[in-house]
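Student: got a structure for you, letters missing:
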């Protein structure tokens, strides 16, 4: 369980049960006593009022009126917002674009420096452009929710990505690739990757990718991806 997930679990437990103890919370989230104490301190720094009842039998309680001082957004969550806005803008369907950009800029300012660095690195891999009119979009499917978390790890840590892929004819295969870019050609989204087995770049429609898995310890280098005219990198703030 990562830090964000664990801290969210602590908040849910305190909200639902009214009070709890460090020992109980540690058991619930599978962490040590010292980790829970650090998490409580971090949550207090964010603005949550977590009270401690001293003495034997005492515990922790969350003030229901307390709120966090800044949004607890992950890099992937902010990146997903930027992807959505970029996709709508590329499709010519983004009303109130100025307000959307202003809102995202405010969210970005609330992120700590390490998250801003990771966000910038992800944006360096994001491209948008127009879709050729002859491309068939009638069979567009839903994307696997596991894609974006897997992409975050793969792009930031340069880890190989394996997934099941269904081609245009419906044939299934297992692919292991080096992710290099994400390409939005509304309404289609593509993973652009170097495929070692083909010794070349390949475009994989994201709605045809399933069960993505990153391989720790198997890293790769960044490559210069050739794009068609009209495709450009997303710029934000």
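Tutor: Looks like it came in fine. This one's a predicted model, so the numbers in the text were calculated from it and none came from an experiment.
Student: next helix or strand past the helix or strand bottoming out on mean pLDDT in the chain?
Tutor: Every helix and strand of the chain was ranked by mean pLDDT, DSSP states H and E. The lowest is helix 97-109, at a mean of 76. Per DSSP states H and E, the first helix or strand lying C-terminal to helix 97-109 is helix 113-123.
Student: that older thread, just checking the distance from the least confident helix or strand of the chain to the centre of its chain.
Tutor: Offset of helix 97-109 from its chain centre (C-alpha atoms, centre = their mean, to the nearest Å): 18 Å.
Student: Remind me what it packs against, helices and strands.
Tutor: Here helix 97-109 touches helix 75-90, going by 3 or more C-beta pairs under 8 Å, 6 or more residues apart in numbering; DSSP states H and E. The way it works is simple: take the backbone N, C-alpha and C, and place the C-beta from them, glycine included.
Student: What angle do helix 113-123 and the least confident helix or strand of the chain make with each other?
Tutor: 130 degrees (axes from the mean of the first three to the mean of the last three C-alpha atoms, to 10 degrees).
Student: between helix 97-109 and helix 75-90, how many degrees?
Tutor: 160 degrees.
Student: Give me the buried positions along helix 97-109.
Tutor: 100, 101, 104, 107, 108 (16 or more other C-beta atoms under 10 Å).
Student: Could you list the domains of this protein?
Tutor: 3-62, 75-233 (automatic domain parsing).
Student: next one: the longest one to chain centre, how far?
Tutor: Relative to its parent chain, domain 75-233 has a centroid offset of 11 Å by C-alpha atoms, centre = their mean.
Student: Contact partners for the residue nearest to the spatial centre of the chain?
Tutor: Central residue check for the chain by C-alpha atoms, centre = their mean: the C-alpha nearest the mean position is that of residue 76, 2.1 Å away. Going by C-beta atoms under 8 Å, 6 or more residues apart in numbering, residue 76 touches 148, 149, 152.
Student: what does residue 11 give?
Tutor: Per C-beta under 8 Å, 6+ apart, neighbours of residue 11: 43, 48, 62.
Student: Look up phi and psi at it.
Tutor: phi -60, psi -40 (degrees, to the nearest 10).
Student: Next one, pLDDT for it please.
Tutor: Residue 11 is assigned a predicted lDDT (pLDDT) of 89.
Student: Also residue 56?
Tutor: 57.
Student: returning to what we had before: find the nearest non-adjacent residue to the residue nearest to the centre of the chain, please.
Tutor: Ranked by C-beta to C-beta, 6 or more residues apart in numbering and with sequence neighbours excluded, the top spatial neighbour of residue 76 is residue 152, at 4.9 Å.
Student: What's the local residue count around that neighbour?
Tutor: 19 (other C-beta atoms under 10 Å).
Student: Can you tell me the strand partners of whichever strand in the chain runs longest and which way each runs?
Tutor: As assigned by DSSP state E, the longest strand anywhere in the chain is strand 172-185. Here strand 172-185 is paired, per DSSP bridges, with strand 126-128 (parallel), strand 159-166 (antiparallel), strand 188-195 (antiparallel).
Student: Quick one: closest of those strands to residue 174.
Tutor: strand 159-166 (6.0 Å; C-beta to C-beta).
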